[in-house]
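S.K.: here is the input, now give the coordinates:
(chains A, B and C)
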Amino acid sequence: MPELPEVESIARGLRQELIGFSFSGIGVNKPVVISGPLRRKFKEFFNHLLGRKIIRIERYGKRLVILWDKNSSNAALIIQLGMTGGFTICPPDLPRARHTHIIFRLSNNKDLRFTDPRRFGRVWLVENFNTADPYAAMESLGLGRLGPDALNMTKSYFLRLFDSERIIKSLLLDQQRLAGLGNIYADESLFAAGIHPAAIARRIKTQQREKLYRQIRRILRLAIAHGGTTFSDFRNAYGELGNFKKYLYVYQRTRLPCRRCRTAIQRIVIAGRSSHFCPSCQEKQ
DNA sequence: ATTTCATCCTGGAGGC
DNA sequence: TGCCTCCAGGATGAAA
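M.R.: Residues are numbered from 1 along each chain as shown, chains lettered A, B, ... in the order given. Now for the predicted structure:
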């Protein structure tokens, strides 16, 4: 479910609710959602961290990293939400929703619950997370390489991505090159830049490359401002819906009239994902 | 190097 | 009502 704006919305809620607090308990209902070297000893290690203060929450692309204070030797919890993963902050006595896999009890007597119906999401616990090089730290845990965050990339880095024979849509979805874009925001950014999703990167004109750079940043920031996009599942940490759906121009609008020129929006499959575009506004190069 | 495909899962929508 | 197929905000590894 969550792409960069949705994960950022969750991160902001978690920062509000977790920083300065600590965990006071842990319950694991579905151990399969736990990965990494400490997988088998997850509860044991987590218990060492009870009472330790949470000092920072970072987001890298679609990943979240929760960091404890230095007294706990830079312990960290890394979360990759997958398609339907999410967090809920709630009173401890609230009945457990379906697909609640981990319950973290907080020192202020609230619950932080990790839910994920499709179970594509994963969490990693690290005893000593190298905060000086988080990308290498995550890679050494067996997570895939991660490119720069789409809101933190330099323009020159982005423009270098076009030196490729790849189809632009699959390039934008490749988290090793650029972290944070998923299917919604890749389609929306390409529409806003007037680029056909199946265009070959190298053949895209300089002017359009620069436009895509600007539009990705504009759309991601706008989506964050609206709390992300909710289709069915997405909720932020407070259970609230995202409001960006009404600003979408092409995503999931197959056969509907383009909001700019009234031409019917088309759907094609690229890299195994549906891609939505306006055949009139987005010319193939 | 890059694309396609299958896989991991549950659930909602729509056809019959 | 049920049964079926298709589809879904993602990531990964194998095969082509």
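S.K.: what number of residues lie near the residue in the stretch 1-150 of chain A that DNA strand B sits nearest to?
M.R.: Residue of the stretch 1-150 of chain A nearest DNA strand B, by CB to the nearest atom of the strand: residue A:118 (3.3 Å). Quick note: C-beta positions are derived from backbone N, CA and C, even for glycine. When neighbours are defined as other CB atoms under 10 Å, residue A:118 has 12 of them.
S.K.: so it lies in a strand, does it not?
M.R.: No. Counting by DSSP: H, G, I helix; E, B strand; the rest coil, residue A:118 falls outside a strand, being coil.
S.K.: what's the residue in the stretch 151-285 of chain A that DNA strand B sits nearest to in contact with, if anything?
M.R.: Taking CB to the nearest atom of the strand, DNA strand B has its nearest neighbour within the stretch 151-285 of chain A at residue A:166, 3.3 Å off. Residues in contact with residue A:166 (CB atoms under 8 Å, 6 or more residues apart in numbering) are A:200, A:201.
S.K.: residues in the stretch 101-250 of chain A within reach of DNA strand B, list them.
M.R.: A:117, A:118, A:119, A:120, A:164, A:165, A:166, A:167, A:170, A:232 (CB under 7 Å from any atom of the strand).
S.K.: wait, a strand at the last one?
M.R.: Looking back up the chat, that one is residue A:232. No. Counting by three-state DSSP, residue A:232 falls outside a strand, being coil.
S.K.: and it, how close does it get to residue A:74?
M.R.: Distance from residue A:232 to residue A:74, counting by CB to CB, to the nearest Å: 37 Å.
S.K.: for the residue of the stretch 151-285 of chain A found nearest DNA strand C, which non-adjacent residue is closest in space?
M.R.: Nearest residue of the stretch 151-285 of chain A to DNA strand C (CB to the nearest atom of the strand) works out as residue A:182 at 2.0 Å. What sits nearest to residue A:182 in space, not counting adjacent residues and going by CB to CB, 6 or more residues apart in numbering, is residue A:3, at 3.6 Å.
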